[in-house]
Every structure is written in C-alpha cells, then in structure tokens.
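# Quick one, fold the following:
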Amino acid sequence: MSDATEQPAPQVDADAWEQACAEDLASEKARRRAEYGPPPGSAAEELRKLVDAVADKLSGLSGSQAPFLGAVAQGTAEQVVKQAVRQARSVVEPVIERNSDVFDHLAAAGSELLAAYRSAVETQERRWTQRSHEPKPPTDEGPDGEHIDLD
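Okay, the predicted model is just below:
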C-alpha cells in the first residue's frame, strides 16, 4: 500500500450469504406461523392426533350423551369406552412407531392421486363445456332418430 489511493480489500465473510438466507427463511417461517398457525406435522403425528381426538370425543360422549342410562350403566359405558380407547392406542401406537416413514409416503401418494383426479376432472369439464357451446350441425332426423325425407 504505497499509494495513498489504494484501500485494503474488504473482508468477505464466506458465510454471510448463508446466514442472510437462513435469517430470511426463519423470518418467513415465523410470519407464516403467525398468519396460518403451526404447520401440520408428519403423517404419523397427524394420525396420533386423530386417534387422540377420536378418543377424547368418545370419552366425552359416553358420559354426557347418555342421561337416560342409570348411574351404574353410565359408569359401565364409560369404562367400556376407556378400555376400547386404550386397546386402540396400544394397537396403533407400535404401528406408527415402526412405520412412520410409510405414513409419510402414503400421504404423499394420496396427494398425487388427488392431483391426478383433479386434472382428469378439469379436463373432462373443459370438454363438456366446449361441446355445449359448439353449434350443432343441422340434421334431417326426427325425434326417434329416423331419417326424414325433406323433398
């Protein structure tokens, strides 16, 4: 640096771009969480939530929806529901634990099938609407499909 106009090269942080992208991604995720709520979990987590919700609903129904039952019968019904819920959880939980990635694959496959179905339906709807707007050629057939001699 013998010349007074020369300046030292600015120090470039090799991770600056990566850090800026990570910060932008984190802020975007926070904004979406604030706007839409937490993102859905994996398919296995969602199945667990479903089992828990059904269990809670069944437990709530057994006690509150059976006022016509006597106290003994109502207590028995609650015990039966609780036992059934415990059994269902004991069956479902190991399956979810061993196969959580399978549920994710099934969820993805279901999404793909839904997209294919939507595409097929939209295509068919377009064909139907295009046909209904096309002018129909004149025919010389009667209402029964018979040929009518116009001469």
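
# how about low-confidence regions in this structure?
Applying pLDDT under 70 to the chain picks out residues 1-4, 9-12, 61-75, 77, 132-151.

# And the strands in it, which stretches?
Assigned by DSSP state E, the chain shows no strands.

# what ranges do the helices span in it?
Using DSSP state H, the helices of the chain run over 16-36, 43-64, 71-98, 100-133.

# In space, what's closest to Leu106 - neighbours in sequence excluded?
Ala43 (6.6 Å; Cβ to Cβ, 6 or more residues apart in numbering). Every C-beta, even on glycine, is put in place using the N, C-alpha and C of the backbone.

# Give the full set of residues in contact with that neighbour.
Residues counted as contacts of Ala43 (Cβ atoms under 8 Å, 6 or more residues apart in numbering) are 100, 103-104, 106-107.

# In JSON lines: these, plus neighbour count and distance to Asp15.
Shown next, in JSON lines, are these (neighbours: other Cβ atoms under 10 Å; distance: Cβ to Cβ, whole Å):
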{"residue": "Ser100", "neighbour count": "15", "distance to Asp15": "33"}
{"residue": "Phe103", "neighbour count": "18", "distance to Asp15": "36"}
{"residue": "Asp104", "neighbour count": "15", "distance to Asp15": "32"}
{"residue": "Leu106", "neighbour count": "13", "distance to Asp15": "39"}
{"residue": "Ala107", "neighbour count": "16", "distance to Asp15": "35"}
